[in-house]
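Engineer: Turn this into a structure:
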Amino acid sequence: MAATDSYTGGDGRLSPLSTPSATRAVLEAHGIGTKYTLGQNFLVNDDVLKKIIALAEVDEADRVLEVGPGIGTLTIALLKHAASVVAIERDPDLPAVLADTLHPWREKFALIEKDALDVTGDDIVAAMAEIGADTGCLDRASSAANETAQWAVSQSEDCLSESRYRVAVPQEELQPSLPSKLVANLPYAVAATVVLDYFESFLFLDSATIMVQKEVADRMAAAVGTKNYGAYTVKLGLHAEPAGRFPVGPGNFFPPPRVDSAVIRLNRRVPLMADGAPATPEVIAAAALIADAAFANRRKTIANSCKTYFSGRGSLLLGASGSSAGLRAVDGALSGGVGGAFVLDGADIVDHLPAIFDAAAIDPRCRGETLTQQEFLALGAALLKEATV
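Structural biologist: I've put the predicted structure just below:
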C-alpha cells in the first residue's frame, strides 16, 4: 500500500484509526492480522486516546517515547500534540504499516525496530538524531551533542547488572533533548518489566503514562499493607509515584482482550530519607535488594524471609555511580568498597541481619508488606553500613 496523507483525518477524530473498521481496513490492506503472541490489542476508542493525551499532558514542546505503536493509532494522536515521537516496535510486519499511516508526520517520527527490553540509550539517541533539528531534537550535524548524549546514556547503562539492581548516574549529566515522556499502550506480557526497567535505565524520562492490565496498575499504585503491595511496588516507588489513573474496558480494543485495563501515569521522583535528605543511588539500589529479600517469602517475617533469601546467594557487587556493575554475583569474599562499588556476601549479610534491623529501627518480626518505602530505604542504608567493610 502506497504511503498516503489520508490519515490526517477530517472527521474530528484525534486519530482516524480509532475505530474497529479503520483498524481492520489497515490490517487487511497490508495483509496482516493481530498476533496474540505479541499481545496485540489495538485501541479503537478516540475518547480514550484523548484521555491519554490529557493525562500525559503532552504538548508541542514534548519529545515522546512510545513502546508498541502497532499500526499507529496512539502515535498519530501523539504526533499531533508533541514535538516528536520515537517508537519501539518488535513486530517485523508493522514498520511498513507505520510508514504508511504516519507518512504525514514522517519528519517528526523515528522507529526503533527492536524488542523493548533490548533497547539501549544509544538506540534512542540514534533515533532522535534521525528526526533532525526541525523538531528541536538532536541535529544530525551536531555530532558533539550526539556524542555527549551517547556518553551520558552509556554511563547509566554501565551501572546495569544481571541481577538488575542499578545505581543511576545523576540526572543533570543526561542530554536534555532526549525523550522526557513515555506514553504507550504496552504489550501486557512485558508491561511491568518495561516500566521499571525504563525508569531505572533511562533517567531522561520524567514520566510514564501507560496502558497496562488493571492488576498491574493495582500493583504499581498499591498502598502499604494491601494484597497488591509487594517487592515490585517498592522498587518502582523508589523511582516514580502514581499521578493519575482511569479504567479502560475490553470493548475499547480490537480484538477485545480478556482482561480489564487501566491507564496510569507515573512521575519520576527522588525518594527521601527520614531526615529529608535525598536517597543516594547506592541506597536506592540496596533498598531494592532488601525489598526482593523481604517479599521472597511473603508469609514469613522479614527476618526469616531475608535469611532464606540471602543464605542461598554468593558474593554480590553493588556498583556505585560510574562503576561497571550494579549488583551481581562475583568471585571472592566480602571486601568492602572496590573501585567505587560495594562487595556484599550473602552469608555475611545473614550474619549482619540483626544489626541491620537494629540500625534501621525495624522490628524483625514484622512482614514486608507492613513496611513503607522510607523504611526500606533505611534498611538499604543499614545494609551498606553494616554488611560492607
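Engineer: Give the other helices and strands that the helix or strand hosting residue 263 contacts.
Structural biologist: Element membership for residue 263 (DSSP states H and E) is strand 261-268. Strand 261-268 is packed against helix 46-56, helix 191-201, strand 207-213, helix 214-220, strand 240-248, with contacts defined by 3 or more CB pairs under 8 Å, 6 or more residues apart in numbering; DSSP states H and E. C-beta coordinates here come from the backbone N, C-alpha and C atoms, glycine included.
Engineer: Can you give the contact residues for stretch 102-114?
Structural biologist: Outside stretch 102-114, the residues within contact range by CB atoms under 8 Å, 6 or more residues apart in numbering are 3-5, 7-8, 69, 72, 75-76, 79-80, 82-90, 92, 95, 98-99, 119, 123-124, 127-128, 130-132, 134-135.
Engineer: what distance separates the start and the end of it?
Structural biologist: 19 Å (CA to CA, to the nearest Å).
Engineer: can you check stretch 66-79 too?
Structural biologist: 11 Å.
Engineer: Ok, stretch 257-275 next?
Structural biologist: Counting by CA to CA, you get 46 Å between the two ends of stretch 257-275.
Engineer: Buried residues, it. List them.
Structural biologist: Neighbour-count burial for stretch 257-275 flags 257, 261, 262, 263, 264, 265, 266, 268, 271 (criterion: 16 or more other CB atoms under 10 Å).
Engineer: Now do the contacts for the closest residue to the third one other than its chain neighbours.
Structural biologist: Nearest-residue entry for residue 262: residue 217, 3.9 Å, with adjacent residues in sequence omitted and distances by CB to CB, 6 or more residues apart in numbering. Residue 217 sits next to 245, 262, 264 when contact means CB under 8 Å, 6+ apart.
Engineer: Can you tell me how far the first one is from residue 124?
Structural biologist: Plainly put, residue 245 is 26 Å away from residue 124 if you go by CB to CB, to the nearest Å.
Engineer: ok so, going back, highest mean neighbour count out of the helices and strands packed on strand 261-268?
Structural biologist: strand 207-213 (a mean of 25; mean count of other CB atoms under 10 Å).
Engineer: Just checking: what are the partner strands of that one?
Structural biologist: Paired strands of strand 207-213, with direction, are strand 181-185 (parallel), strand 261-268 (antiparallel) (DSSP bridges).
Engineer: The residue lying closest to residue 374 once chain neighbours are set aside and residue 290, how far apart?
Structural biologist: In space, residue 374 comes closest to residue 274 once its chain neighbours are excluded; the distance is 6.0 Å by CB to CB, 6+ apart. Distance, residue 274 to residue 290, using CB to CB: 15 Å.
Engineer: Give me the pLDDT for residue 147.
Structural biologist: Looking at residue 147, its pLDDT reads 43.
Engineer: could you pull out the strands for this protein?
Structural biologist: Ranges of strands in the chain, per DSSP state E, are 42-43, 63-67, 84-89, 109-113, 181-185, 207-213, 240-248, 253-254, 261-268, 315-318, 327-330, 336-338, 341-345.
Engineer: With distance to residue 373 added, can I get those in CSV?
Structural biologist: Formatted as CSV, the strands of the chain follow (distance: least, CB to CB, whole Å):
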stretch, distance to residue 373
strand 42-43, 32
strand 63-67, 26
strand 84-89, 29
strand 109-113, 32
strand 181-185, 22
strand 207-213, 18
strand 240-248, 9
strand 253-254, 33
strand 261-268, 14
strand 315-318, 19
strand 327-330, 19
strand 336-338, 26
strand 341-345, 21
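Engineer: Figure out which of the helices and strands packed on strand 261-268 is closest to residue 350.
Structural biologist: Ranking the helices and strands packed on strand 261-268 by proximity to residue 350 (CB to CB) places helix 191-201 first, at 26.5 Å.
Engineer: what's the closest of the contacts of residue 217 to residue 194?
Structural biologist: Using CB to CB, the shortest approach to residue 194 within the contacts of residue 217 belongs to residue 264, at 13.2 Å.
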